[in-house]
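*Asks:* have a look; sequence and predicted model below, questions after that.
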Amino acid sequence: MGGQVVLLQPEGHLDFEVLSKTISSHQVTYMGTVPSQVAELVAFLQNKNGTNLLETLRCISSGGKRYSYEILTLCDTPRRDSVYSYGD
């Protein structure tokens, strides 16, 4: 059993096409980010009917602002945990 760190190209976190394809192609299981980016990524994937690109994610860790209920229900599933590092 092993692990691998996957880094995006510079500014790759702003390109949701690159981000979602990287998560899928590298079978990323853990993602650390802020709730607003999760919300934007989910909205992007819903518009493209591609939320299955996040199937490999097992844990989304974030901090700062709270998730909206809609985002939380999409992210926190029996196969995936959402972890809040800090927040209001």
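*Replies:* The structure has been received and is ready for your questions. From a predicted model like this one, the values you see are computed outputs, not experimental measurements. Numbers count the residues shown, from 1 in each chain.
*Asks:* Ser62 contacts Tyr30, doesn't it?
*Replies:* No. Contact between Ser62 and Tyr30 fails when scored by CB atoms under 8 Å: they sit 11.6 Å apart. Any C-beta I mention is one placed from the backbone N, CA and C, and that applies to glycine too.
*Asks:* the two: which is more packed in?
*Replies:* Neighbours were tallied for Ser62 and for Tyr30 using other CB atoms under 10 Å; the higher tally belongs to Ser62 (23 against 15).
*Asks:* may I have the beta-bridge partners of that one?
*Replies:* Thr33, Tyr84 (DSSP bridges).
*Asks:* return the distance of the residue nearest to Asp81 when sequence neighbours are not counted relative to Thr77.
*Replies:* Counting by CB to CB, 6 or more residues apart in numbering, Cys59 is the residue found nearest to Asp81 once chain neighbours are left out, at 5.1 Å. As judged by CB to CB, to the nearest Å, Cys59 and Thr77 stand 11 Å apart.
*Asks:* just Ser20 next, same as before
*Replies:* The spacing between Ser20 and Thr77, counted by CB to CB, is 17 Å.
*Asks:* more neighbours: which of these two?
*Replies:* When Ser20 is set against Thr77 and neighbours are counted by other CB under 10 Å, the residue ahead is Ser20, at 18 against 13.
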